[in-house]
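**Q** this one's sequence-less:
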Ligand code: SF4
């Protein structure tokens with residue numbers, strides 16, 4: 001039995017505020033009283049930033065239960081709500097909001113009790129961390145430190161505890177082989193398991209997918225397959241079966257690429273069926289992300305040794321606890337709880353990753369334990385590498401240049417290939433990009449602190465042994481002084497730019513404000529790079545000269561370094577060689593970037609290149625500028641995709657539940673780059689086995705006036721009430737989302753229907769989805785990321801409401817593609833794909849059911865073929881739609897309206913174990 005804790009607890013929702021005191025009393029209080037209490041005594045809270053938002057008191061701090069959880073159980077999953085915490089701790093969940101306040105005290109006591117438990121799994125490092133956090137005045141530190149016994153022997157320091165990665169010999173080429181259909185069928189049967197129903201569509205899909213692993217017949221002609229497999233076919237196991245079989249038999253690697261983190265996590269889990277033994281799985285399946293996702297141990301060490309102050313220093317301690325127990329050191333979407341960095345209002349979290357290419361490679365004392373290096377090496381020897389589209393495209397492009405192309409790839413969520421290629425092959429010459437380059441070359445300047453070092457510090461040994469190299473470094477540092485420096489945005493605002501590139505950006509800014517329409521007040525502004533003013537044209541030439549002046553010394557330095565690697569002088573030991581190889585790769589990337597910028601500037605005032613779309617932009621959030629510059633995108637980004645990723649490959653599967661987006665196959669060929677290959681690309685199609693006509697309906701509300709915000713809010717509130725929560729609300733504009741949320745959140749909360757929202761709640765999107773999935777009475781409002789990436793099977797999602805037809809934003813890029821793609825037919829294609837995606841959130845399993853509501857009378861009938869054939873589509877009034885949704889809700893099993901947070905879903909991770917019903 002735990003000792004009662006001496007603190008009060010505060011629980012605040014949109015529906016009210018409750019205080020529990022140590023004597024067991026609970027009362028509902030007003031904001032003033034809660035704020036006064038929190039100001040005078042430490043109080044136990046669950047998620048201080050969220051509680052602060054509910055109280056309207058930004059300064060709120062206290063004893064945050066989530067911080068305590070992160071200390072006691074680093075790298076463990078918990079849904080950050082009272083019910084989620086209860087489940088993670090094996091406690092009875094609170095029955096309602098009032099009961100949640102005393103529950104917080106019980107949960108705190110339970111967590112503190114674990115510190116004295118002999119079986120506490122994460123004990124190692126706890127005592128040392130508690131001492132450090134005591135010195136940092138972490139609010140929990142005294143209570144924690146007094147409960148952890150001092151270890152008899154000094155605890156291992158994180159950096160000695162982590163394992164070292166091993167260098168391995170390069171893998172030989174995979175053996176050419178052809179998988180027989182029977183072999184593929186057997187592999188699939190093993191993965192699906194004996195209890196599962198045989199699915200003909202899945203078997204045929206797997207056999208078709210196996211053909212991409214056949215030996216390639218001609219260079220530049222990959223075995224490519226476009227495969228649309230409707231939701232419920234079991235697509236992921238359908239391709240994992242032949243991919244894993246081929247990898248094992250041929251001794252090769254298959255890269256499996258997704259667009260969303262949700263699918264990446266699902267794939268990672270599904271591979272446990274292929275490799276049930278964890279050690280075997282860890283060796284043969286690697287999740288690979290961009291290096292900016294991983295914890296940099298050197299940055300962490302700096303932060304722990306005084307580089308971070310105040311709250312950021314406490315975050316660093318909690319991250320260090322996590323790093324010792326993390327599976328792979330992935331801070332974004334891995335096993336670091338997404339809510340942890342938001343508790344610290346993101347203070348310091350980005351400085352713990354290697355975001356700016358400041359890695360010193362073998363010059364780093366933690367190089368042999370580095371999470372990033374380990375993941376990159378593990379991928380070389382793995383059977384399956386799970387990655388995202390952007391990273392696969394970047395690596396494929398790089399590897400092609402090195403003569404080692406990525407040979408076999410599966411692009412799942414293939415309907416996003418176009419968008420991923422669009423951003424990957426784009427160029428942005430902006431203030432933020434150029435200042436990053438300056439910092440990479442020059443290092444910290446003025447008052448800036450931190451470990452970041454410039455080229456001369458990183459290559460100090462080269463500079464001391466190689467005079468030519470030293471001269472090139474000096475010349476690069478001097479040329480970089482022409483790039484924007486700290487304070488550039490302020491100087492542009494005051495009309496006082498410094499140097500040729502800042503002057504260019506100032507001219508860009510003037511042009512944008514002169515020409516852009518301010519319809520989207522407070523957000524991004526842009527204008528086409530056409531008929532430009534002489535002032536901008538005049539500013540482009542000196543900026544281009546400044547960039548060219550930088551290209552030369554960087555290229556010279558790269559040549560010197562390559563020469564050193566070839567000559568191998570005496571002083572070039574293993575670590576120095578690895579560091580120089582890293583520098584060569586960095587210089588090569590920056591050289592390409594500079595070349596792209598110079599080409600973009602050459603276009604200013606010159607002839608239009610029909611392959612590209614160029615524009616000028618001022619990026620803003622709520623009226624605050626954060627970047628300014630020029631942008632260039634390919635009109636058709638699948639052209640570089642085909643040249644650099646598809647043609648060098650041996651086998652490529654592009655698959656999705658909505659690959660065609662409601663169009664014909666020609667649309668899929670155009671959007672995947674298949675159209676640019678010198679061969680016909682085979683197609684496979686398997687319709688979804690779900691009975692959409694019986695399990696879903698589309699309701700188009702006809703009596704809501706466009707622009708009527710009050711009416712829009714009311715419509716959302718009534719529909720959510722009718723559904724008893726379980727609603728995903730999708731918006732195309734953040735302002736409308738915020739306005740609707742502000743109008744209805746309190747009212748719904750008072751009825752026991754919590755409403756969460758992207759861009760409103762200080763919670764990351766992944767955690768918002770976890771909370772939504774975990775509570776079938778919760779609803780979630782959001783924008784594009786939720787339309788595409790939410791996978792919530794079961795009753796937690798039973799209603800999708802879209803505020804209107806998701807027309808594309810009228811950007812410069814969109815206008816150019818619209819003109820090239822058949823005008824309104826292009827718009828229709830975009831809308832169909834978005835409607836299909838949004839509808840796809842609704843029915844994830846054969847037994848799901850729900851309604852899809854479009855709050856726009858002006859929905860053209862020609863777009864309705866975006867929905868699966870047979871789904872009834874009704875145009876009706878809001879009253880009728882509400883009645884439909886209420887009837888649907890009443891017929892749903894076990895949906896007790898009026899109860900608080902019933903925990904209908906069990907288990908910690910609510911995502912499906914299998915691929916049944918998921919894309
Ligand atoms: S090798 Fe680079 S990324 Fe890894 S810990 Fe060291 S500095 Fe950080």
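**A** Good, I have the coordinates. These figures come from a predicted structure and were not determined experimentally.
**Q** please make it C-alpha for all contacts and neighbour counts, starting now.
**A** Will do.
**Q** give me the neighbour count for residue 306.
**A** Residue 306: 9 surrounding residues under other C-alpha atoms under 10 Å.
**Q** if I look at it, how far off is the ligand?
**A** 17 Å (C-alpha to the nearest ligand atom, to the nearest Å).
**Q** and the closest residue to that residue other than its chain neighbours, what pLDDT?
**A** If the residues on either side of it in the chain are set aside, residue 306 comes closest to residue 313, at 7.7 Å by C-alpha to C-alpha, 6 or more residues apart in numbering. Residue 313 is assigned 94 on the pLDDT scale.
**Q** same question, residue 599
**A** 92.
**Q** that one sits in which helix or strand?
**A** Here residue 599 sits within helix 574-603, counting by DSSP states H and E.
**Q** buried set for that helix?
**A** Within helix 574-603, the residues scored as buried using 16 or more other C-alpha atoms under 10 Å are 576-584, 587, 590-591, 593-598, 600-601, 603.
**Q** what angle sits between the next helix or strand after it and helix 574-603?
**A** Counting by DSSP H and E, the element after helix 574-603 in chain order, helix or strand, is strand 612-621. Here strand 612-621 runs at an angle of 100 degrees relative to helix 574-603 (axes from the mean of the first three to the mean of the last three C-alpha atoms, to 10 degrees).
**Q** got the buried residues for strand 612-621?
**A** 612, 613, 614, 615, 616, 617, 618, 619, 620.
**Q** longest helix anywhere in this protein?
**A** helix 534-567 (DSSP state H).
**Q** ok, residue 781 touching residue 760?
**A** No. Using C-alpha atoms under 8 Å, residue 781 is not in contact with residue 760; the gap is 9.4 Å.
**Q** residue farthest from the centroid of the chain?
**A** Here the centre of the chain is the reference, and by C-alpha atoms, centre = their mean the most remote residue is residue 570, at 44.8 Å.
**Q** quick one: that one from residue 460, how far?
**A** 16 Å (C-alpha to C-alpha, to the nearest Å).
**Q** what secondary structure does residue 11 sit in?
**A** In three-state terms, and counting by DSSP: H, G, I helix; E, B strand; the rest coil, residue 11 is strand.
**Q** give me phi/psi at residue 161?
**A** Per-residue torsions, residue 161: phi -80, psi -30 (degrees, to the nearest 10).
**Q** flag the shaky bits of the chain, pLDDT-wise.
**A** 1-3, 194-198, 346-347, 356-357, 446-452, 518-522, 789, 893-919 (pLDDT under 70).
**Q** just the element for residue 27, please.
**A** Short version, using DSSP H and E: residue 27 is in strand 26-29.
**Q** give me the contacts around that strand.
**A** Under the contact criterion C-alpha atoms under 8 Å, 6 or more residues apart in numbering, strand 26-29 has outside partners 16, 17, 18, 19, 20, 98, 99, 101, 102.
**Q** cutoff 7 Å now
**A** With C-alpha atoms under 7 Å, 6 or more residues apart in numbering as the test, strand 26-29 has contacts from 17, 18, 19, 20.
**Q** what of stretch 69-84?
**A** Contacts for stretch 69-84 (C-alpha under 7 Å, 6+ apart): 85, 88, 93-94, 100, 111, 122, 318, 321-322, 325-326, 335-337, 770-771.
**Q** for that stretch, how far is the first residue from the last?
**A** OK, stretch 69-84 end separation, C-alpha to C-alpha: 12 Å.
**Q** equivalent analysis for stretch 456-467, please.
**A** Using C-alpha to C-alpha, the distance between the terminal residues of stretch 456-467 is 13 Å.
**Q** could I get the contacts of strand 26-29 as JSON lines with neighbour count, secondary structure and distance to residue 44?
**A** Shown next, in JSON lines, are the contacts of strand 26-29 (neighbours: other C-alpha atoms under 10 Å; DSSP: H, G, I helix; E, B strand; the rest coil; distance: C-alpha to C-alpha, whole Å):
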{"residue": "17", "neighbour count": "22", "secondary structure": "strand", "distance to residue 44": "13"}
{"residue": "18", "neighbour count": "22", "secondary structure": "strand", "distance to residue 44": "12"}
{"residue": "19", "neighbour count": "25", "secondary structure": "strand", "distance to residue 44": "10"}
{"residue": "20", "neighbour count": "25", "secondary structure": "strand", "distance to residue 44": "9"}
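**Q** include distance to the ligand when you put those into JSON lines, please.
**A** JSON lines is the format used below for those (distance: C-alpha to the nearest ligand atom, whole Å):
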{"residue": "17", "distance to the ligand": "44"}
{"residue": "18", "distance to the ligand": "45"}
{"residue": "19", "distance to the ligand": "44"}
{"residue": "20", "distance to the ligand": "44"}
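**Q** for the residues you listed, which one is nearest residue 745?
**A** residue 17 (14.5 Å; C-alpha to C-alpha).
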